[in-house]
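A.B. asks: Dropping the sequence and predicted coords here.
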Amino acid sequence: MCDEVTCWLARTALPLNFLTAGVSTADLQPLKGALDGVRIVGLGEATHGTREFFQLKHRLLEFLVTELGFSALAMEASSSAGPAVDAYVRHGIGDAEQVLDGLGFWTWRTHEVLAVIEWMREYNRGRREDQKVRFIGIDPQQCRGSLAVIDSFLRRTAPDRATELLSPLRVLATAPPGSRPDPQRRLVLDAEEVLAYLRGHGPEAADALRHVQVLVRAADLVTRARQHTDPEQTVFAARDRYMADAVGTILEDPSAKVALWAHNGHITKSRHGGAVPTLGQHLRSRYGDAYYALGLLFGRGTFRARRMWPGPWSRPRASAVVTNRIGPARPGTIEARLAAANPGNHLVDLRSAVDAPRAVQTWLRGQHGMRSFGAMVPRGTYRFNLSPSSLAEEYDGLAYVAISSASRPLPLS
């Protein structure tokens, strides 16, 4: 006999018959009611290196586009390199692997994400422009693409100033957020100087202007501190705010509907660690119930991530990307509760809990441990790491994958 919470989860669970795209969507049909009136679906992930998460996101994207009219995939990926991916998926310009590699994130350089990009291209083939699904990178880092566009424009229009204006900004090609804290924000001032210069060049500078605006945001992130007495001034808060602003730009088109691909820690509707406003919190504040946060969790298995070396380093020192193994979730965790209710792959719509028994609502409001792994994990101790989570505050739905396997990296070119 199950307890009241477990029984409710078992009754509410929507079994996932498949994790991969290109199959029947009969098991996903109940989601149409849950997503009625929703314009942004946050597709989270508890790790950046789980094959099944990427496959399920692919399947959900296909469902959202083909059956619910979603028109864009916004991804926690380089906003500088995003236009090249968009040109490929909408117009077939370039090579799928090359534009994916241009995003600059090892996490996305996988066979599973490549399959998403190639599906978008096939879906768009032969469709009218207003019927095509778009790709938008929303993370202002890894700016090689923007630097190349601006350099080309300046060498055509002001060759005598190109080197002078861009030399200080070359570091933005690879410098990660928070890597060069500077209270004077000199890198931001350098980027703003280029922005001011280009604004005087009329319509011909439109594309270059968009890219230099990416550089301004990237420079802000690079020069911000990782820690601050005001959490909203940290690099983490600024990064999520910029990503939310990028999603907001897409939604300026009243017909747009966005599938948002990011880590659970970004798509959650509450503050990260109780302090830092997240991407999802901004979207919830701006769009209310039109934002739906779907967290993706797993039971046991393997995933890819870098392992951080212990030590008093000013910045984390990490190993190469490796496969990490983890056993079943410990009793009392959210994953263990989901596994007890339904050991197979399934979805739970938490918005349906409005009429749930009091014990269920109390459990949803409570704090429970949940796994959360980013691009790096602490060497040796990652298996024991849990993040406190209040489901009622953080998510509108959960997808549970029983077995996680490591994402499959593309071969190095």
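C.D. replies: Looks like it came in fine.

A.B. asks: Which stretches in the stretch 51-200 of the chain count as strands?
C.D. replies: 72-78, 134-139 (DSSP state E, counting those that start in this stretch).

A.B. asks: and of those, who's closest to residue 212?
C.D. replies: With Cβ to Cβ, the closest approach to residue 212 among those belongs to strand 72-78: 15.1 Å. From N, CA and C alone the C-beta is placed, and that goes for glycine too.

A.B. asks: Go through the strands of the stretch 51-200 of the chain and name the closest to residue 43.
C.D. replies: Using Cβ to Cβ, these put strand 72-78 closest to residue 43, at 9.2 Å.

A.B. asks: Indicate which one of the strands of the stretch 51-200 of the chain is closest to residue 38.
C.D. replies: Closest among the strands of the stretch 51-200 of the chain, once you apply Cβ to Cβ, is strand 72-78, at 13.8 Å.

A.B. asks: Torsion angles phi and psi at the residue sitting furthest away from the middle of the chain?
C.D. replies: Distance from the C-alpha centroid of the chain peaks at residue 160, with 39.7 Å (Cα atoms, centre = their mean). When read as degrees, to the nearest 10, the backbone of residue 160 gives phi -70, psi -20.

A.B. asks: One more: residue 231?
C.D. replies: Residue 231 has phi and psi values of phi -60, psi -30 when expressed as degrees, to the nearest 10.

A.B. asks: start the count at 296, not 1, going forward
C.D. replies: Yes, from this point I'll number from 296; that puts the last item at residue 526.

A.B. asks: ok, how many other residues are close to it?
C.D. replies: 16 (other Cβ atoms under 10 Å).

A.B. asks: Now for it: which residues touch it?
C.D. replies: Residue 526 is in contact with 532, 566, 570, 571, counting by Cβ atoms under 8 Å, 6 or more residues apart in numbering.

A.B. asks: hmm, 6 Å instead?
C.D. replies: 570, 571 (Cβ atoms under 6 Å, 6 or more residues apart in numbering).

A.B. asks: any idea how far it lies from residue 565?
C.D. replies: For residue 526, the distance to residue 565 equals 13 Å [Cβ to Cβ, to the nearest Å].

A.B. asks: Just the buried positions in stretch 475-492, please.
C.D. replies: 475, 480, 482, 483, 485, 486, 487, 489, 490, 492 (16 or more other Cβ atoms under 10 Å).

A.B. asks: Please tell me how far the second one sits from residue 362.
C.D. replies: The one in question is residue 480. For residue 480 relative to residue 362 (Cβ to Cβ), the value is 46 Å.

A.B. asks: Got the phi and psi for residue 477?
C.D. replies: Residue torsions, per degrees, to the nearest 10, at residue 477 are phi -150, psi 110.

A.B. asks: so who does it touch?
C.D. replies: Taking Cβ under 6 Å, 6+ apart as the test, what residue 477 contacts is residue 518.

A.B. asks: What's the per-residue pLDDT of residue 524 here?
C.D. replies: Residue 524 carries a pLDDT value of 85.

A.B. asks: Repeat that for residue 495.
C.D. replies: For residue 495, the model assigns a pLDDT of 83.

A.B. asks: Tell me, how many residues neighbour it?
C.D. replies: The number of residues near residue 495, taken as other Cβ under 10 Å, comes to 7.

A.B. asks: same check, this time on residue 406
C.D. replies: Residue 406 has 14 nearby residues by other Cβ under 10 Å.

A.B. asks: isn't it right up against residue 701?
C.D. replies: No: between residue 406 and residue 701 there is no contact under Cβ atoms under 6 Å: 11.4 Å.

A.B. asks: Quickly find the element holding the closest residue to residue 536 other than its chain neighbours.
C.D. replies: Excluding the flanking residues, the one nearest residue 536 by Cβ to Cβ, 6 or more residues apart in numbering is residue 577, at 6.2 Å. Applying DSSP states H and E as the criterion places residue 577 in helix 574-582.

A.B. asks: centre of the chain versus the lowest-mean-pLDDT helix or strand in the chain, how much separation?
C.D. replies: The weakest-scoring helix or strand in the chain, judged by mean pLDDT, DSSP states H and E, is strand 612-621 (a mean of 85). In terms of Cα atoms, centre = their mean, to the nearest Å, the centre of strand 612-621 is set 20 Å apart from its chain centre.

A.B. asks: same thing with stretch 397-405?
C.D. replies: Using Cα atoms, centre = their mean, the offset of stretch 397-405 from its chain centre is 12 Å.
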